[in-house]
Structures are given as C-alpha cells and as structure tokens.
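Asks: sequence first, then the predicted structure:
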Amino acid sequence: MQDSYSLYFALLLFAFATAGSPGPNNLMLTASGAIYGFRRTIPHMFGILAGFAVLNLTIAAGLGALFTTWPIIHWLLKFAGAIYLLYLAWRISTATTSFTTPDPLSRPFSFLEAASFQFVNPKAWTMNITAISTFSMPDNSFIGSSIVIIGIYMLVMFHTLPLWTALGSYIGRKLNSTLARQRFNYSMGGLTALSVMLMFV
C-alpha cells in the first residue's frame, strides 16, 4: 500500500510538471484568454479535459501498444499533429487586434474542437503514453491504476488550465493598443510554433 502511495505521489508531481508547463494546450489557452476573455474560453478548457481523458482511456485500452509494434504510426501522427499545430500558430499570430471591429471569422475553440485536438497533440500523446507505461500497475490492478492516473491528471489540469487562461485574460486587459495586441499575437504564435520544433529535438 505504501508503494502505491509513493507511486501516485510521483505521478502527481509528474502531472504537475507536464500538464502545468508551457505546451500547445496552455499556450493556446493563454492566447484565447487574451483575445476572447476567460468566459468565452471555458468550452476550450473543458474540451481539453474531456479529450485528454478519452485519449488516456484509449491508450490504456491498448492503442499505445500499436506504437511499439509499428513505430511509423506514432511518427505519422506526430507529423500530422505538428502540421496542425503550425496552422494553429498561424491562426494565433493573425488573430484580430481590433478593439472596435472584431473579425467575424475569429472565435475561440469550441468544446468539440478542443477535445478532438488532443488526438493530434503530440505532447498529449507523449504525456499519456509515459504516464500509463510508467505509473500503471500490472495484471488485475491495471484498470484501477489507469483510472487513478486519469483522475489525478483531471484534478491537476482542472487547476492549471484556468490559471493559464486567467493569465491570458489578465494580459489581454493590459494590451491597450492594436500594436501591443499584434505583438502579443505574434509572440504567442511564435511560442506555439517553437513548441512544435522542440518536440522533434
């Protein structure tokens, strides 16, 4: 029992380090909070939580083992995710900067878009595969330990995702000129693109 507590405490630290650190989800929430505000970004946050949990369950159910058997599948998914992330980086960089005429085509991620995004998010795959392979228990304890892993991640992300969104919302209130907003958008888009590059280093 003591070993289980030690394992789950280590998982808690791992979850905070991975879910709380800068990455595609957190950078996009910061940008969305700044551009659209905290309230309009709430569906995006809950979409991340739902998509991440489903992805974790999918990997625990055995999909992750496919990457061991056919590594090319993992590489192709990672490549597709990187292309999509670069597109999102461009969208962030070119998001509206007007205070009076908002772009009618510009909107935050919906719940379903954010949930679906987790399946092409290379960091989400890496986090989930590492968590399941490192912290799950064998044999009869596998299902129970996998559920605990999902629960701990949901608990951590339920607190970290709003922090990144609130940070963006706070920054957005300080961006009191079109030029400042434009520079912020370029910075967040650039950081999102950089996060893609770091996945291949």
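Replies: Thanks, I have the structure now.
Asks: next, count neighbours for residue 159.
Replies: 11 (other Cβ atoms under 10 Å). For glycine as for every other residue, the C-beta is placed from the backbone atoms N, C-alpha and C.
Asks: three-state assignment of it?
Replies: Put simply, residue 159 is helix when judged by DSSP: H, G, I helix; E, B strand; the rest coil.
Asks: and the gap between it and residue 120?
Replies: 25 Å (Cβ to Cβ, to the nearest Å).
Asks: now do residue 81
Replies: Using Cβ to Cβ, we find residue 81 at a distance of 4 Å from residue 120.
Asks: so which of these two has more stuff around it?
Replies: Between residue 81 and residue 120, residue 81 has the larger neighbour count (other Cβ under 10 Å), namely 22 against 17.
Asks: residues in contact with the more buried one?
Replies: Contact analysis of residue 81 by Cβ atoms under 8 Å, 6 or more residues apart in numbering lists 120, 121, 122, 125.
Asks: most neighbours of all the residues you listed, which one?
Replies: Counting neighbours by other Cβ under 10 Å, residue 121 leads those with 27 neighbours.
Asks: what is the burial count for the closest residue to residue 25 other than its chain neighbours?
Replies: Spatially, and ignoring its direct neighbours in sequence, residue 25 is nearest to residue 48 (5.3 Å; Cβ to Cβ, 6 or more residues apart in numbering). By the criterion of other Cβ under 10 Å, residue 48 has 26 neighbours.
Asks: again, but for residue 83
Replies: Neighbourhood size, residue 83 [other Cβ under 10 Å]: 11.
Asks: before we move on, what about residue 14?
Replies: Counted with other Cβ under 10 Å, the neighbours of residue 14 add up to 19.
Asks: in this structure, which segments are predicted with low confidence?
Replies: Residue ranges of the chain with pLDDT under 70: 1-4, 63-68, 73-74, 96-106, 139, 196, 198-201.
Asks: mind listing what the most centrally placed residue in it touches?
Replies: Most central in the chain under Cα atoms, centre = their mean is residue 25, positioned 2.9 Å from the mean C-alpha point. Neighbour list for residue 25: 48, 117, 121, 123, 124, 161 [criterion: Cβ under 8 Å, 6+ apart].
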